[in-house]
Each structure stands twice: as structure tokens, then as C-alpha cells.
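[1] quick one, structure for this:
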Amino acid sequence: MSADSRFALGTELEAELQRNEFNPCVGQVLLSESPRSRVWFIRLEPGERVGFHRHVLDYFWTALTAGKARSHVNGGAPKTSEYFAGQTQHMTFKRGEYMLHDLENIGSDTLLFITVEHLESANEPLPLPPSVTPRGLDAGALQS
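    Residues are numbered from 1 along each chain as shown. As a prediction, this is how the structure comes out:
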């Protein structure tokens, strides 16, 4: 995937998309990093969202809880998705392809995801900011 057509996001979302066009942080917490993978965690309470970030690496995500979310992919119209606990999706990108998106919890339940990026992919990994290093989860992070 790559950006071809754009939807009118509105001033704030468009500005955020531009600021984060090359944001490599595909989760809120980097749990682990090895020469072959990065493991990320996302926890979204109802109404919370993860800002725009760029996927260039092959990866998969698993929903740990059920819920409903909205996402703008590559600047397009909002897409609503429903998730079930254990749902997993694998994504693959050819050289030069990417996906730029956000994720907002529009349901009434907490959404939890694990995302695993494969560093050995067609594209080079985007460098992480120096402040992003692997760390554990805060006590209770998995509790609703």
C-alpha cells in the first residue's frame, strides 16, 4: 500500500499526519527488540487514539480484547473495524510500500493489541527515536 488518494481529514488530523509521516512507533510501548523483531503493546480506553504512524516492515497484530475502532489509512476516509479477542492479521509490504494510519477506540471496552514487526523485510526499518527503548508494562496494564 502507499498513499495515492487523500480524504479531507480536517485541519488537526492533517497536521498530525504531516508531523508523523515517518513516525516508526507502531505501538505505545516497545516491549522487546531483537535483531529480527520488535514487539509493541497498545492499550486504548474508549475514546482514546494512537496517532498516525508508518508501517514499512512486514508485521502482524493480535487483538487481546474485543472492541471497535476507527482508522484513517494513508490519509483516506475513516474505516471502522470490529475486533474479537485472539484475532490476528498479517501484513506484508513490497519494497517502497507502506501504510500510514491512526487508530481510535470508538467502542465501550478497552482495546489491547500486540504488534510484532519483522525487521528482516523488503524495506529497511525506520530508526526509532533514542527515547524509545524496550521496557515492561506497568502493573495492571492488561487489566480492564
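[2] C-alpha only now, for contacts and for neighbours.
    Will do.
[3] relative to Gly75, how far out is the most centrally placed residue in the chain?
    Closest to where the C-alpha atoms of the chain average out (CA atoms, centre = their mean) is Val26, at 4.0 Å. Using CA to CA, to the nearest Å, Val26 is found at 16 Å from Gly75.
[4] Ser108: what's it in contact with?
    46, 67 (CA atoms under 8 Å, 6 or more residues apart in numbering).
[5] which SS state does it fall under?
    coil (DSSP: H, G, I helix; E, B strand; the rest coil).
[6] and for the closest residue to Tyr98 other than its chain neighbours, the neighbour number?
    Using CA to CA, 6 or more residues apart in numbering and skipping residues adjacent in sequence, the residue nearest Tyr98 is Val56, 4.6 Å away. Applying other CA atoms under 10 Å, we find 29 residues neighbouring Val56.
[7] close enough to count as contact, Val56 and Glu97?
    Yes. Applying CA atoms under 8 Å as the test, Val56 and Glu97 come out as touching, 6.6 Å apart.
[8] I am finished for the moment; much appreciated.
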